[in-house]
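**Q** let's see this in three dimensions:
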Amino acid sequence: MSDQSISPGQLAESMKPLLKQQGLPPVHSWNPDFCGDIDMKICRDGSWLYMGSPIARESMVKLFSTILRHDEDDCFYLVTPVEKVRIQVEDAPFVAVSVENKDDGLTFTTNVGDKVTLDREHPLWVNIDSSTGEPSPYIRVRAQLDALVHRNVFYQLIEMAEEKSTERDVELCLNSHGQTFSIGSIKPEY
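**A** Numbering: from 1, shown residues only. Purely as a prediction, here's the structure:
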């Protein structure tokens, strides 16, 4: 793995033609040469670091989030039509920071402003840490990119959940756009 001396400013400069486009750029149709690793990291809390320092400009983080791609090699890349650089992601690249319960379902907003409706294409699941038992809920945002659901939002989801009794426990389920998503179960106290 080679480290290239590509700065966030240079990467942003190469993206200027993309800024005029509506919606997200078609990063999955681009196949530029791999340019190396860049010292950029997305932390579990959703903050972005460059060379160990936070990227303070929210507009730059939002811009970079639109060219983020998670490839089959399980690595994350920032991709433009002419460059592809690998970055590090601690957990999920985004954080779901709010949820809205509308008539037809649940809509999440991420830390970079993406709106995601909980449905078949954007499922929700919960991973349980085997050593601590701590839940980590996620929602698919787009094309192999997920958001960790913030703890406060997860508490809201628990409040919204319907209880479905099974023989051994009570499952907590969310309904959105005709789909049911389990967010965990609780053992009833007898």
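**Q** show me the domain layout of the protein.
**A** 8-89, 94-186 (automatic domain parsing).
**Q** ends of the longest one, what's the gap?
**A** End-to-end distance of domain 94-186: 28 Å, with C-alpha to C-alpha, to the nearest Å as the criterion.
**Q** ditto for stretch 43-55
**A** 12 Å.
**Q** what comes up buried for it?
**A** Buried residues in stretch 43-55, counted by 16 or more other C-beta atoms under 10 Å: 46, 48-50, 55. (C-beta placed from N, C-alpha, C; glycine too.)
**Q** could I get these as JSON lines with secondary structure?
**A** As requested, those are exported to JSON lines (DSSP: H, G, I helix; E, B strand; the rest coil):
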{"residue": "46", "secondary structure": "coil"}
{"residue": "48", "secondary structure": "strand"}
{"residue": "49", "secondary structure": "strand"}
{"residue": "50", "secondary structure": "strand"}
{"residue": "55", "secondary structure": "coil"}
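**Q** farthest-separated two in these?
**A** Spatial extent of the buried residues of stretch 43-55 (C-beta to C-beta) is set by the pair 46 and 50 at 14.9 Å.
**Q** quick one on the thing from earlier: nearest to residue 123 among the buried residues of stretch 43-55?
**A** Nearest to residue 123 among the buried residues of stretch 43-55, with distances taken as C-beta to C-beta, is residue 46, at 20.1 Å.
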